[in-house]
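> Coordinates for the following, if possible.
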Amino acid sequence: MSDLKAMVLVMIMLTSVLAGCTSSDTTGLEQQIIDLQESNDNLTAELESLEDNINLMNSISLELQESLSSANDTLNSINIQLSLKEESISNLTSQRDSLQNELDEAIESNSSTISSLESQLELLNLQITELSSEISGLNDQLESKEDEVTTLTNSLDALSDSVSKLTYQIFTDTQGCSLDNPTPKM
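A predicted model of the protein is given here:
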């Protein structure tokens, strides 16, 4: 930004020196100098505003990245819990099947063993039901976190696009402007 100011001031000084060499009438040149200075002031204010916007967007981008990281950590934790619960269900299912086999064998030989095994079987079925319910809840949380990760990723992409557009706008607004024929932004 200071390079732009310096370049504009050098151009103004050269223009004013050369204008004095070619003509003695400086009325038009003085007005051009005033117009160029106003245009330079306007461009400087616009650049400062755009830099503030870029800084704000960078800050929002950092916050979104932190939120995305936190959501990914939670997602990983839920996946670990889900794996552990599924492993527990597999183990409990194996135990239940084993007990069912024992129960079937005991039915023929011992009625007192039958009662004990049925109680254990009901308890295992209850535990399986509870774990299945927990898995359902974890799956709901997993879907919610995946949606959140998708939303945060989309927001981050949109923010990156906005920063790129603003950077390009600053570049195009400050490059290739002729002092003899300034653009409306100058």
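> Work out for me the element E118 sits within.
Taking DSSP states H and E as the definition, E118 sits inside helix 111-174.
> now for that helix, which elements pack on it?
helix 27-109 (3 or more Cβ pairs under 8 Å, 6 or more residues apart in numbering; DSSP states H and E). In short, each C-beta sits where N, CA and C put it, glycine included.
> Apply 10 Å and report the result again.
With contacts taken as 3 or more Cβ pairs under 10 Å, 6 or more residues apart in numbering; DSSP states H and E, helix 111-174 sits against helix 2-22, helix 27-109.
> my guess is L117 meets E102, correct?
Yes - the criterion here is Cβ atoms under 10 Å, and L117 meets it with E102 at 5.9 Å.
> neighbour count winner among these two?
Higher neighbour count among L117 and E102: L117, with 20 against 16, using other Cβ atoms under 10 Å.
> show me what contacts that one?
99-107, 110 (Cβ atoms under 10 Å, 6 or more residues apart in numbering).
> Now a PyMOL select for only the buried ones of the residues you listed.
Of those, the buried ones go into a single PyMOL selection, burial set by 16 or more other Cβ atoms under 10 Å:
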select buried, resi 99+102+103+106
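> Can I get the contacts of L117 in CSV including distance to N91 and pLDDT?
Formatted as CSV, these follow (distance: Cβ to Cβ, whole Å; pLDDT from 0 to 100):
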residue, distance to N91, pLDDT
L99, 13, 89
Q100, 15, 90
N101, 16, 90
E102, 17, 86
L103, 18, 81
D104, 21, 83
E105, 22, 81
A106, 22, 74
I107, 25, 75
N110, 26, 72
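> May I ask which two of the contacts of L117 are separated the most?
Q100 and N110 (15.7 Å; Cβ to Cβ).
> how about low-confidence regions in this structure?
The model of the chain has pLDDT under 70 over residues 1-11, 13-26, 176-186.
> Nearest residue to the middle of it?
L156 (3.1 Å; Cα atoms, centre = their mean).
> So that one is in contact with S69, correct?
No - using Cβ under 10 Å as the test, L156 is too far from S69 to be in contact (11.2 Å).
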